[in-house]
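Engineer: Next one to model:
(2 chains)
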Protein chains: 2
Amino acid sequence: MQQPPAESGMTIEQVDTPALLVDLDAFERNLERMAQWVERAGVRLRAHAKTHKCAAIALRQMALGAVGVCCQKVSEAEALVDGGVPDVLVSNQVVGARKLERLAALAARARVGVCVDNASNVEELSRVMSDAHTQLGVLVEVDVGAGRCGVDPGEPALALARLVAASPGLRFDGLQAYHGSAQHIRSYDERRAAIEAAIARTRETVDLLAANGLGCHTVGGAGTGSFHFESASGVYNELQCGSYAFMDADYARNQAQRGEPSSEFEHSLFVLATVMSVAKPGFAVVDAGLKPIAVDAGLPTVDEPAGAEYARPSDEHGRIGRGTSNVALELGDRVRLIPGHCDPTVNLHDWYVAVRGGVVEEVWRVDARGAIF
Amino acid sequence: MQQPPAESGMTIEQVDTPALLVDLDAFERNLERMAQWVERAGVRLRAHAKTHKCAAIALRQMALGAVGVCCQKVSEAEALVDGGVPDVLVSNQVVGARKLERLAALAARARVGVCVDNASNVEELSRVMSDAHTQLGVLVEVDVGAGRCGVDPGEPALALARLVAASPGLRFDGLQAYHGSAQHIRSYDERRAAIEAAIARTRETVDLLAANGLGCHTVGGAGTGSFHFESASGVYNELQCGSYAFMDADYARNQAQRGEPSSEFEHSLFVLATVMSVAKPGFAVVDAGLKPIAVDAGLPTVDEPAGAEYARPSDEHGRIGRGTSNVALELGDRVRLIPGHCDPTVNLHDWYVAVRGGVVEEVWRVDARGAIF
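Structural biologist: Numbering: from 1, shown residues only, chains lettered A, B, ... in the order given. Below is the predicted model:
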């Protein structure tokens, strides 16, 4: 693990770069907006911690009413529980003896859940949990349009739910019905249509299970790009939004309807970079390339100086063109970048530098950085 | 830091995933091929450790004749020196008081060099090194066509070299003349033309410096895609290749001329993944997405099962289509992926699992993982 790039009380000028910066005012407004939303909508929030990988942030979300967090990996869940988070859903399939044993050990220390889409996996989970004398909450994952994991809605989900409910060591908690690929559909109307189809598939499955005596305590799903649709569905009762805390350049490209709540979230996550070369006319080179910024969802945009443009990332360099800005950058100048995709960008850093009014207020560890197991 | 996904003596089936796998036979052949090449060509190798970030690998390269390694960041150099590497060039500009102080501390512990392209940076380096009573080797970086850092060839390079040579605490070592963007030009002839232009600019600058009494102990540059051109130039004397040790899917897309030495390097780096969902017809889902695999230079290709295809990465998932393979993947099956770009992929992992004949022989730490400062 790297040494932190800053200490509390430093000015932002003293922060070493490239650093992962959180604008605390914007971040806290984002957390409060979501907390108000779920309260008004009468649903629960189980914030997705794959975005932030940070127990300090998870606990802030829970302090504002979130019932717990989600994550995608057993090792992420371990890092969060180690950091004091009492309730973690691994919103993903877990396969393999070593991982199941770790999951069982974790279930003895915290309220832990997992998703399933395969009968033999359910049987193995049941055996390992029974052997460990522990109990695991289980959501049956239904593919509601994402085309990734999950059984088909209806009968296949019912069959798997019955198996879970009958399996020692497992507690049938309900359905996982997340439509991941819909989150970044640019057009508001197309996004709504995709989620309405997901809601219909979920409703059909919930009703079928109920008719067969299987109640769903949890019907989970929804992301930052769609949660207002699921909230209003009357079917989903637990939202799994993550990016809302930070936002990113990719979410900013979604076309939001006027009044759509996701359009109220602010960019609160930045990569702070330093100009390290001004040898060539027409651009400056900053010290932040592919290693501190994920580019899978496009290049970062430049927050400061406004109007400047980031281009040509290599491992440890990026070019800043003047764009529509009037700023001629000099050696040592700072540039504030908005990552294209917040989740994999966070995963490149060991520390958050949380800043308010130009001063470092806190430094948080990215507890589950690299937690890929 | 994560726990290692394997221990020495395990079979490959026991390795937890996603894991960064090194095929030791292929890896050692790559290292030996390069060692033989530089010996025959009469040039030095200073292998680029930004690729592997691993002291154990750096020491293997040096055991085969490399004079030292390069890296891009002070914190990378620290991690390598901590791991026992005695000679490290930061083949990059270093800007900012905190970083310069760390560089000075490091120069007291190992042979350390840095690149410069700015007079005020030279003055600050000189002041910090003098204050620390240490000496730093300095290469003047010349832009030979990459359009990133580096002063122009000829007079601007001479002026900066004179300043370095006259600065206390600094030792003028020569020129850095790396043409990064040429490494991945697909056409052999276009790649050769780009490097021939770089060689001409470098030769002109070396000659001008010599005519002014400034000899270049080191003329460094070259990457895996071009080193045979620089080797034969009679101008470059220190190669900085890194990817040759591992290779990746992007380098495999370069069109190699028959007999071109880079075409002899083998893929030795893989991401081992596990099938975690087979709920949908037509594809399997593996547990390796954007967090263990960098996709900036394209998606991974599938090494095993041969002919299968990787698609649609999300944070922790990827879809494996059958492609031209005949294999119907089952839950728990293993898939061996060749990363699109080795350097940023390595940076996502804490451990290498070095395998020979299906057995884990060694587990190496990615010492400089996340060393972005």
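
Engineer: which element is A:S126 on?
Structural biologist: helix A:119-131 (DSSP states H and E).

Engineer: what does A:A105 give?
Structural biologist: Counting by DSSP H and E, A:A105 is part of helix A:97-107.

Engineer: next helix or strand past that helix?
Structural biologist: Next element after helix A:97-107 (DSSP H and E): strand A:111-116.

Engineer: so what strands line up beside that following strand?
Structural biologist: strand A:87-90 (parallel), strand A:136-141 (parallel) (DSSP bridges).

Engineer: hmm, who's touching that strand?
Structural biologist: A:68, A:77, A:81, A:86-94, A:103, A:106, A:122, A:125, A:136-141, A:149, A:160, A:164, A:173, A:176 (C-beta atoms under 8 Å, 6 or more residues apart in numbering or on different chains). From N, CA and C alone the C-beta is placed, and that goes for glycine too.

Engineer: quick one, the helix holding A:S126 and helix A:97-107 angle?
Structural biologist: Using axes from the mean of the first three to the mean of the last three C-alpha atoms, to 10 degrees, the direction of helix A:119-131 lies 50 degrees away from that of helix A:97-107.

Engineer: With only the CA atoms kept, save helix A:119-131 in CSV.
Structural biologist: What follows is helix A:119-131, C-alpha atoms only, in CSV (Å, rounded to 0.1, in the frame of the first residue of the first chain):
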residue,chain,number,x,y,z
ALA,A,119,-28.7,-25.1,-8.5
SER,A,120,-25.4,-26.9,-8.0
ASN,A,121,-24.0,-23.6,-6.6
VAL,A,122,-26.9,-23.5,-4.2
GLU,A,123,-26.2,-27.0,-3.1
GLU,A,124,-22.5,-26.3,-2.5
LEU,A,125,-23.4,-23.1,-0.6
SER,A,126,-25.8,-25.0,1.6
ARG,A,127,-23.2,-27.7,2.4
VAL,A,128,-20.5,-25.2,3.3
MET,A,129,-22.8,-23.0,5.4
SER,A,130,-24.2,-26.1,7.2
ASP,A,131,-20.7,-27.4,7.9
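
Engineer: re earlier: any idea of the mean pLDDT for the helix holding A:A105?
Structural biologist: Mean per-residue pLDDT for helix A:97-107: 97.

Engineer: ditto for stretch A:18-29
Structural biologist: In this model, stretch A:18-29 has a mean pLDDT of 98.

Engineer: again with stretch A:161-181
Structural biologist: Averaging pLDDT along stretch A:161-181 yields 97.

Engineer: That stretch near chain B anywhere?
Structural biologist: Yes - Stretch A:161-181 reaches chain B (C-beta under 8 Å from any C-beta of the partner chain) through A:G180.

Engineer: Is A:L208 located within a helix, as I assumed?
Structural biologist: Yes - judged by DSSP: H, G, I helix; E, B strand; the rest coil, A:L208 forms part of a helix.

Engineer: where's the residue lying closest to it once chain neighbours are set aside, which helix or strand?
Structural biologist: In this structure, A:L208 finds its nearest non-sequential neighbour in A:L158, 5.4 Å apart by C-beta to C-beta, 6 or more residues apart in numbering or on different chains. Taking DSSP H and E as the criterion, A:L158 maps to helix A:155-165.

Engineer: same for that helix, what does it pack against?
Structural biologist: Judged by 3 or more C-beta pairs under 8 Å, 6 or more residues apart in numbering or on different chains; DSSP states H and E, helix A:155-165 is in contact with helix A:119-131, strand A:136-141, strand A:170-176, helix A:188-211.

Engineer: what sits up against it?
Structural biologist: Contact with helix A:155-165 is made by A:116-119, A:122-123, A:138, A:140, A:142, A:151, A:170, A:172, A:175, A:205, A:208-209, A:212, A:214, as judged by C-beta under 8 Å, 6+ apart.

Engineer: Out of the residues you listed, which end up buried?
Structural biologist: Neighbour counting with 16 or more other C-beta atoms under 10 Å in any protein chain shown marks A:116-118, A:122, A:138, A:140, A:142, A:151, A:170, A:172, A:175, A:205, A:208-209, A:214 as buried within the contacts of helix A:155-165.

Engineer: From B:Q72, how far off is A:P18?
Structural biologist: A:P18 is 12 Å from B:Q72, where distance means C-beta to C-beta, to the nearest Å.

Engineer: Please apply the same query to A:A194.
Structural biologist: 42 Å.

Engineer: Neighbour count: the two, which is higher?
Structural biologist: Per other C-beta atoms under 10 Å in any protein chain shown, whichever of A:A194 and B:Q72 has more neighbours is B:Q72, with 27 against 22.

Engineer: Can you spell out the domain ranges of chain A, please?
Structural biologist: A:12-20+A:265-365, A:24-246 (automatic domain parsing).

Engineer: Kindly reformat the ones you listed as JSON lines containing distance to B:I57.
Structural biologist: As requested, the domains of chain A are arranged in JSON lines below (distance: least, C-beta to C-beta, whole Å):
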{"stretch": "domain A:12-20+A:265-365", "distance to B:I57": "17"}
{"stretch": "domain A:24-246", "distance to B:I57": "25"}
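
Engineer: Show me the one of the ones you listed that comes nearest A:R258.
Structural biologist: Closest of the domains of chain A to A:R258 is domain A:24-246, at 9.7 Å (criterion: C-beta to C-beta).

Engineer: can you tell me the distance between the two ends of the closest one?
Structural biologist: 10 Å (C-alpha to C-alpha, to the nearest Å).

Engineer: can you give me the helices in the stretch 201-350 of chain A?
Structural biologist: Secondary structure of the stretch 201-350 of chain A, counting by DSSP state H, counting those that start in this stretch: helices at A:227-231, A:249-252, A:342-346.

Engineer: Contact partners for the nearest residue to A:R322 once chain neighbours are set aside?
Structural biologist: Nearest residue to A:R322 in three dimensions, chain neighbours excluded: A:A308, at 6.1 Å (C-beta to C-beta, 6+ apart). Shown in contact with A:A308 (C-beta under 8 Å, 6+ apart): A:302, A:320-323, A:325, A:327, A:329, A:335.

Engineer: of the contacts of strand A:111-116, buried ones?
Structural biologist: Judged by 16+ other C-beta under 10 Å, buried ones among the contacts of strand A:111-116: A:68, A:77, A:81, A:87-94, A:103, A:106, A:122, A:125, A:136-141, A:149, A:160, A:164, A:173, A:176.

Engineer: right, is stretch A:329-336 up against chain B?
Structural biologist: Yes - figure legend: stretch A:329-336 in contact with chain B (C-beta under 8 Å from any C-beta); contacting residues A:331-332.

Engineer: Could you pull out the buried residues of that stretch?
Structural biologist: A:329, A:331-336.

Engineer: Using CSV, lay out those residues together with pLDDT and distance to A:I293.
Structural biologist: Shown next, in CSV, are the buried residues of stretch A:329-336 (pLDDT from 0 to 100; distance: C-beta to C-beta, whole Å):
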residue, pLDDT, distance to A:I293
A:L329, 97, 18
A:L331, 98, 21
A:G332, 98, 20
A:D333, 98, 18
A:R334, 98, 15
A:V335, 98, 12
A:R336, 98, 12
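
Engineer: out of these, what pair is the most spread apart?
Structural biologist: A:L331 and A:R336 (17.1 Å).

Engineer: Could you list the buried residues of the worst-scoring helix or strand of chain A on mean pLDDT?
Structural biologist: In chain A, no helix or strand scores lower on mean pLDDT, DSSP states H and E than helix A:249-252, which sits at a mean of 91. Using 16+ other C-beta under 10 Å as the burial criterion, the residues of helix A:249-252 that qualify are A:249-251.

Engineer: That helix: how far from the chain's middle?
Structural biologist: Relative to its chain's centre, helix A:249-252 lies at 14 Å (C-alpha atoms, centre = their mean, to the nearest Å).

Engineer: residues contacting the residue of chain A positioned farthest from its centre?
Structural biologist: Here the centre of chain A is the reference, and by C-alpha atoms, centre = their mean the most remote residue is A:P281, at 39.5 Å. Applying C-beta under 8 Å, 6+ apart to A:P281 gives no contacts.
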